[in-house]
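Trainee: take a look and give me a structure for this.
(one chain, ligands or ions: 2)
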Amino acid sequence: MAILVIAPGMRTVSWVKHLKAIDPDLDIRIWPESGKPEEIEFALVWRHPPGELRKYPNLRCIASLGAGVDHILRDPDLPAGVPISRVVDRSMARSMTEYVVLSVLNYCRHFEAYRQDQLQRRWKPRIPRRTRDVRIGIMGLGQLGGHAAATLVRLGFQVRGWSRTGRRIEGVISYADGKQLDKFLSATDILVCLLPLTQATERILSRRTFAKLPPEAYVINAARGRHLVEEDLLEALESGHLSGACLDVFQHEPLPPEHPFWRHPKITVTPHISSLTDPKAVAPQLVENYRRARDGKPLLNLVDMQLGY
Ligand code: NDP
Ligand code: OXD
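Mentor: Ligands and ions are numbered 1, 2, ... in the order given. I've put the predicted structure just below:
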């Protein structure tokens, strides 16, 4: 039973090293050097070419090399009935929380403005936004959003969370599904998107959503570029309704050089780095799932194909 890594453009050396460190006998192949298709029973994928996975008739599991699986589910030619797993990892959650906390504190303590002041040699103290006065609304209270929410509570912020089922976290005011979305938004000064990309969440960061936020709200999107309607964000910043945005993900990555986000004074751009998968941390769960697939046992971290996450 062989493992095939299909991750065009990704450096796979580190993945192979950490997988082999657990089991040196693993038969790992790197696409496009797949060998005989019928020998492949486990696929590790990141942004595979659509239609490729259909070529392996004995596939028992498609494992995402990240937390998200939208890059797999967008393939219209997926082999039917093959389960899909994703990464669930504490160190990824910590890394995402660091990104969110950094962005929130940058905003609350006016660090972007001080950077500009420094370039102008301008000495201009500003009053910090106090944590207890700032209402942070997190869309998506899963592995990543839940961890970020709990940490922000500990820092003293007012934290609200919106999820499909109204997930409960201590200290977090919880809102559920579409019916409570407007209520959630109207009490949010900093909106953080940590949703999976599904049919229900695509383009959720839109003009309609922004209009429900209080004036001068701030937006952080570290989930997927397709959550955001980019022209609606530019419009809301232009009108002054939103005061700024921090974006880690984009409709087109890398962000094209001519894109207006690059030079926008109210937008902070980072290159999809808020939480990188750490091959060393994640290899054990992948090998465990490979063994389970081989032995016909229940798999870990499975995706609900109906919900799309
Ligand atoms: P989880 O599946 O653990 O959590 C998803 C959360 O979103 C759950 O709370 C879920 O609700 C909620 N949700 C899903 N659909 C809806 C909906 N229609 N309405 C309201 N809430 C909804 O995901 P993770 O936390 O592990 O990851 C989230 C996303 O972050 C990933 O899918 C990926 O796209 C992105 N990501 C980005 C990275 C980056 O570097 N930029 C790195 C890693 C991930 P419920 O709890 O009720 O099920
Ligand atoms: C992920 C990502 O989904 O890095 O893990 O975007």
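Trainee: from the chain, which residue is nearest to ligand 1?
Mentor: Gly142 (1.7 Å; CB to the nearest ligand atom). Just so you know, the C-beta spots here come from the backbone N, C-alpha and C atoms, and that holds for glycine as well.
Trainee: so what's that residue up against?
Mentor: Gly142 sits next to 163, 167, 194, 196, 309 when contact means CB atoms under 8 Å, 6 or more residues apart in numbering.
Trainee: including pLDDT, could those go into a markdown table?
Mentor: As requested, the contacts of Gly142 are exported to a markdown table (pLDDT from 0 to 100):
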| residue | pLDDT |
| --- | --- |
| Ser163 | 98 |
| Arg167 | 98 |
| Leu194 | 99 |
| Pro196 | 98 |
| Tyr309 | 98 |
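Trainee: how about the closest residue to ligand 2 within the stretch 151-300 of the chain: what's its closest non-neighbour residue?
Mentor: Minimum separation of the stretch 151-300 of the chain from ligand 2 (CB to the nearest ligand atom) falls at Thr277, amounting to 5.4 Å. Leaving aside its sequence neighbours, Thr277 sits nearest to Gly66 (CB to CB, 6 or more residues apart in numbering; 5.3 Å).
Trainee: I figured that neighbour hits Pro279, correct?
Mentor: No: Gly66 is not in contact with Pro279 according to CB atoms under 8 Å; the separation is 11.4 Å.
Trainee: looks like Ile273 contacts Glu253 (just checking).
Mentor: No: judged on CB under 8 Å, Ile273 makes no contact with Glu253 at a distance of 11.1 Å.
Trainee: near ligand 2, which residues of the stretch 1-150 of the chain show up?
Mentor: The stretch 1-150 of the chain comes close to ligand 2 at residues 66-68, as judged by CB under 6 Å from any ligand atom.
Trainee: who wins on neighbours among the residues you listed?
Mentor: Ala67 (23 neighbours; other CB atoms under 10 Å).
Trainee: so the spatially closest residue to that residue that is not a sequence neighbour is in which element?
Mentor: Of all residues not flanking Ala67 in the chain, Val87 sits nearest, at 5.1 Å (CB to CB, 6+ apart). Assessed by DSSP states H and E, Val87 sits outside every helix and strand.
Trainee: just the element for Ala245, please.
Mentor: strand 242-247.
Trainee: list of residues touching that strand?
Mentor: Strand 242-247 is contacted by residues 103, 106-107, 112, 210, 213, 216-221, 228, 233, 236-237, 261, 266-270 when judged by CB under 8 Å, 6+ apart.
Trainee: secondary structure class for the residue sitting nearest the centre point of the chain?
Mentor: A centroid search over the chain (CA atoms, centre = their mean) returns Ala223, at 3.3 Å, as the residue closest to the centre. Secondary structure for Ala223, judged by DSSP: H, G, I helix; E, B strand; the rest coil, is coil.
Trainee: can you pull the pLDDT of it?
Mentor: Listed pLDDT for Ala223 reads 99.
Trainee: need the contact list for it.
Mentor: Counted by CB under 8 Å, 6+ apart, Ala223 has contacts 68, 140, 193-197, 249.
Trainee: secondary structure added to those, as a markdown table?
Mentor: Shown next, in a markdown table, are those (three-state DSSP):
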| residue | secondary structure |
| --- | --- |
| Gly68 | coil |
| Gly140 | coil |
| Cys193 | strand |
| Leu194 | coil |
| Leu195 | coil |
| Pro196 | coil |
| Leu197 | coil |
| Val249 | coil |
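Trainee: doesn't Ala283 lie inside a helix?
Mentor: Yes: assessed with three-state DSSP, Ala283 lies in a helix.
Trainee: mind listing what the closest residue to ligand 2 within the chain touches?
Mentor: Going by CB to the nearest ligand atom, ligand 2 is nearest to Gly66 of the chain, at 2.5 Å. Neighbouring residues of Gly66 by CB under 8 Å, 6+ apart: 46, 86-87, 277.
Trainee: hang on, the earlier thing: quick check: pLDDT value at the residue nearest to Thr277.
Mentor: Value for Gly66, per-residue pLDDT: 98.
Trainee: isn't Gln199 right up against Gln306?
Mentor: No: the criterion here is CB under 8 Å, and Gln199 misses it with Gln306 at 11.0 Å.
Trainee: hang on, the earlier thing: host element of the residue nearest to Thr277?
Mentor: Using DSSP H and E, no helix or strand contains Gly66.
Trainee: tell me the pLDDT at Met1?
Mentor: The per-residue pLDDT reported for Met1 equals 87.
Trainee: my bad, Ala80
Mentor: 96.
Trainee: who does the helix or strand where Val16 lies touch, helix- and strand-wise?
Mentor: Val16 is part of helix 13-22, with elements assigned from DSSP H and E. Under the contact criterion of 3 or more CB pairs under 8 Å, 6 or more residues apart in numbering; DSSP states H and E, helix 13-22 touches strand 2-6, strand 28-30, helix 279-295.
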